[in-house]
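In: what would the 3D arrangement of this be:
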Amino acid sequence: MDIQFNKNEDSFKSLCYQLKERFKKVALGGGEKKIAAEHEKGKLTARERIDLLLDPQSNRQEVGAFAADEMYQEYGGCPSAGVVVVIGNIEGKKCIVVANDATVKAGAWFPMTAKKNLRAQEIAMENNIPIIYLVDSAGVFLPLQNEVFPDKEHFGRIFRNNARMSALGIPQIAAIMGSCVAGGAYLPIMSDDALIVDKTGSIFLAGSYLVKAAIGEDIDNETLGGATTHSEISGITDYKCASDQDCIKQIRNLVSKIGDSTKAGFNRIAASLPIKNQEDLYGLLPLDRSKPYDMLEVIHRLVDQSEFEQYKELYGQSIICGYGRIDGWAVGIVANQRKLVKTKKNEMQIGGVIYSDSADKAARFIMNCNQKKIPLVFIQDVTGFMVGSKSEQGGIIKDGAKMVNAMANSVVPKFTIIVGNSFGAGNYAMCGKAFDPRLIVSWPTAQMAVMNGASASKTLLQIKVASLKAKGEKLSEEDEKTLLAEIQSKYDHELSPYYAASNLWIDAIIDPLETRKVISIGIEIANHKPIDERFNVGVIQT
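Out: All right, here's what the predicted structure looks like:
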């Protein structure tokens, strides 16, 4: 390996180390003191409950670990949006688990908590897999109730989804393992099975203080809505459990008896590791993200046996399309080629840019994958579509629209891995969040925005300077440099994958060595739901 490879490797491994350290911090939730307080009550934390619930040593994928990262600082923060969401196996069956973290503001619902819960329900519905709720929440965080309560994608949507999943036959199991208050009380009771832990679990529309204020009745919370009340008198809960551990054992028993679903039938054979060293992934991406590299080398370290069959290899070379296997699953891969490519017309194509011929090729390949029922994997390192008079006259808008149309109407599951740049319309064409990938994750090297930081900062500076001039104000050269640095700093912060993860624009930031696992888990859960609609691209210009 050359010295540049080693520099790339050192930089990438440093980013992965930072990722692990940042995860350790958010995984503590409200902190060690709050964790100790939960233990003193005889309760496990959200993550401890999930660890006990999922099959040991089985593959799992957390969703939204960095949700709300650096948000709500005026309220002390809200690590992981106060709720932990993990896809994993329970008694060998793929499920998604949603656990309120009572160490974070008593599990109260912030705006991002609602968004993250909705994402978990979306995954369950898209893939027809059981969803398990481990409820321990004080309800809506009142100072932000206007951002949580009334809108379409707010708190109420959770109950709408409860009802829809019930109608669709998607199993829902809810365990009341702490507080369950007000509107939140409907979530477990709209599930198929409701469990409650004695002495620590409680559920009511209004707690004892509110009851006293509203109707003058003097009653304690345990009598009002504890396990004995709801298991022996109201009949609201189905199972009374002695402890968190007993409750989790009962959930595993319930899941073990759920029947199998009809499979989509995606092709899978025995898995093989790539022949090429996966550790090389750390050194392949250049430190300077404007520099070219060969995306094919990345693909060869992701696919089984490093075997990849290229589609239209010599045509539209700024996008690589082809077939391979990941953990035994057949996949169609659409990836941005980052090396400079010379065309037959002796023209040089810029790496990471989508040209007309590449967009046309990708659209055709996506159609083929839908015809053959092969899941699609998009590997993004894209700066956008090619611009200029030649591209416009060549029909770049038409060809780009064709690619977007084919991708948007795709009925096979799509998975998106952002490894580098994800700018402008390139993000859309390569199956960004707006186009419903079943899972979308990034490497720590990812950046997402309308355009790169340097271009955006200069554009924003020009707008600011023009605005000041219109008011009769003038900036010195030094003032312009200072303002540019401020704009650049803000924009660079918003380019970060952590900013995207905080806003749930992506499901996770992952070490590149986890890429195969994420895709395999994604296809495995997608295989639980048959494809019940035909691929149709509608009207597109040819």
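In: show me the strands in the stretch 301-450 of the chain, by range?
Out: Shown for the stretch 301-450 of the chain, the strands assigned by DSSP state E, counting those that start in this stretch span residues 309-310, 319-326, 329-336, 341-342, 348-349, 353-354, 376-382, 384-385, 414-423, 439-442, 447-449.
In: helices or strands up against the first one?
Out: Read that as strand 309-310. Counting contacts by 3 or more CB pairs under 8 Å, 6 or more residues apart in numbering; DSSP states H and E, strand 309-310 packs against strand 319-326. Where C-beta positions appear, they are placed from N, C-alpha and C, glycine not excepted.
In: same for the strand it packs on, what does it pack against?
Out: Partner elements for strand 319-326 (3+ CB pairs under 8 Å, 6+ apart): helix 295-300, strand 309-310, strand 329-336, helix 356-372, helix 515-526.
In: most packed of these?
Out: Highest mean neighbour count among these (mean count of other CB atoms under 10 Å): strand 329-336, with a mean of 25.
In: in the protein, which helix or strand is least confident?
Out: When the helices and strands of the chain are compared on mean pLDDT, DSSP states H and E, strand 348-349 comes out lowest with a mean of 68.
In: quick one: closest of the helices and strands packed on strand 319-326 to Leu254.
Out: Smallest distance to Leu254 across the helices and strands packed on strand 319-326 (CB to CB): 19.2 Å, for helix 515-526.
In: what angle do that closest one and strand 414-423 make?
Out: Going by axes from the mean of the first three to the mean of the last three CA atoms, to 10 degrees, helix 515-526 is angled at 130 degrees with respect to strand 414-423.
In: where does pLDDT dip in the chain?
Out: 1, 183, 343-349, 452-457, 538-542 (pLDDT under 70).
In: which residue of it lies farthest from its centroid?
Out: Gly472 (47.0 Å; CA atoms, centre = their mean).
In: what secondary structure does that one sit in?
Out: For Gly472, the assignment made with DSSP: H, G, I helix; E, B strand; the rest coil gives coil.
In: got the residue ranges for the strands in the stretch 101-250 of the chain?
Out: 131-137, 172-181, 193-197, 202-204, 239-241.
In: strand partners (parallel or antiparallel) of the third one?
Out: If you go by DSSP bridges, strand 193-197 pairs up with strand 172-181 (parallel), strand 239-241 (parallel).
In: quick one on the thing from earlier: how about JSON lines for the strands of the stretch 301-450 of the chain, with distance to Ser166 added?
Out: Below are the strands of the stretch 301-450 of the chain laid out as JSON lines (distance: least, CB to CB, whole Å):
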{"stretch": "strand 309-310", "distance to Ser166": "43"}
{"stretch": "strand 319-326", "distance to Ser166": "34"}
{"stretch": "strand 329-336", "distance to Ser166": "30"}
{"stretch": "strand 341-342", "distance to Ser166": "52"}
{"stretch": "strand 348-349", "distance to Ser166": "52"}
{"stretch": "strand 353-354", "distance to Ser166": "43"}
{"stretch": "strand 376-382", "distance to Ser166": "31"}
{"stretch": "strand 384-385", "distance to Ser166": "43"}
{"stretch": "strand 414-423", "distance to Ser166": "27"}
{"stretch": "strand 439-442", "distance to Ser166": "25"}
{"stretch": "strand 447-449", "distance to Ser166": "36"}
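In: nearest to Gly259, of these?
Out: Distance to Gly259, taken as CB to CB, is lowest for strand 329-336 among the strands of the stretch 301-450 of the chain, at 23.6 Å.
In: CA atoms only for the closest one - export them in PDB, please.
Out: Output in PDB follows, covering the C-alpha atoms of strand 329-336 (Å, rounded to 0.1, in the frame of the first residue of the first chain):
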ATOM      1  CA  TRP A 329     -28.500 -12.400  -0.800                       C
ATOM      2  CA  ALA A 330     -28.700 -11.500  -4.500                       C
ATOM      3  CA  VAL A 331     -28.500  -7.700  -4.900                       C
ATOM      4  CA  GLY A 332     -28.400  -5.200  -7.700                       C
ATOM      5  CA  ILE A 333     -25.900  -2.400  -6.900                       C
ATOM      6  CA  VAL A 334     -26.100   1.100  -8.200                       C
ATOM      7  CA  ALA A 335     -23.000   3.100  -7.300                       C
ATOM      8  CA  ASN A 336     -21.400   6.400  -8.200                       C
END
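In: shift numbering so it begins at 28
Out: That works, and once the first residue is 28, the last one we named lands at strand 356-363.
In: contacts for that strand?
Out: Residues from elsewhere that reach strand 356-363 (CB atoms under 8 Å, 6 or more residues apart in numbering): 293-295, 322, 325-326, 330, 335, 345-352, 378-379, 381, 389, 392-393, 395-396, 401-409, 453, 457-458, 546-547, 550-551.
In: distance from it to the middle of the chain?
Out: 19 Å (CA atoms, centre = their mean, to the nearest Å).
In: what's around Tyr252, how many residues?
Out: Let me fix one detail, which is that residue 252 is Gly and not Tyr. Per other CB atoms under 10 Å, the neighbour tally for Gly252 reads 28.
In: what number of residues lie near the residue nearest to it when sequence neighbours are not counted?
Out: With CB to CB, 6 or more residues apart in numbering as the criterion, Gly252 has its nearest non-adjacent residue at 3.4 Å, and that residue is Phe231. Around Phe231 there are 21 other residues, counting by other CB under 10 Å.
In: if I look at Phe231, how far off is Gln199?
Out: Computed as CB to CB, to the nearest Å, the Phe231 to Gln199 distance reads 21 Å.
In: one more: Asn397?
Out: Distance, Asn397 to Gln199, using CB to CB: 31 Å.
In: now do Leu323
Out: From Leu323 across to Gln199, the span is 44 Å (CB to CB).
In: could you dump the helices and strands packed on strand 346-353 into JSON lines with distance to Asn33 added?
Out: Shown next, in JSON lines, are the helices and strands packed on strand 346-353 (distance: least, CB to CB, whole Å):
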{"stretch": "helix 322-327", "distance to Asn33": "16"}
{"stretch": "strand 336-337", "distance to Asn33": "29"}
{"stretch": "strand 356-363", "distance to Asn33": "25"}
{"stretch": "helix 383-399", "distance to Asn33": "32"}
{"stretch": "helix 542-553", "distance to Asn33": "22"}
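In: looking at these, which is closest to Cys274?
Out: helix 542-553 (24.5 Å).
In: now Ile117: phi and psi?
Out: Backbone torsions for Ile117, taken as degrees, to the nearest 10, come to phi -120, psi 120.
In: got it, and the one 3 residues further on?
Out: Taking degrees, to the nearest 10, you get phi -110, psi 130 for the backbone angles of Lys120.
In: any idea how far Leu81 is from it?
Out: The gap separating Lys120 from Leu81 is 11 Å, by CB to CB.
In: do the same with Ile552
Out: Applying CB to CB to Ile552 and Leu81 gives a distance of 14 Å.
In: would you mind giving the strands of the stretch 128-277 of the chain as TSV with distance to Ile246 added?
Out: Formatted as TSV, the strands of the stretch 128-277 of the chain follow (distance: least, CB to CB, whole Å):
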stretch	distance to Ile246
strand 158-164	21
strand 199-208	15
strand 220-224	18
strand 229-231	10
strand 266-268	20
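In: list the beta-bridge partners for the closest residue to Asp463 other than its chain neighbours.
Out: Nearest non-adjacent residue to Asp463, counting by CB to CB, 6+ apart: Lys441, 7.1 Å away. Lys441 has these beta-bridge partners by DSSP bridges: Leu403.
In: and for Lys441, the neighbour number?
Out: Neighbour count for Lys441, taken as other CB under 10 Å: 25.
In: would you confirm that it contacts Lys460?
Out: No - assessed by CB atoms under 8 Å, Lys441 is found out of contact with Lys460, at 11.2 Å.
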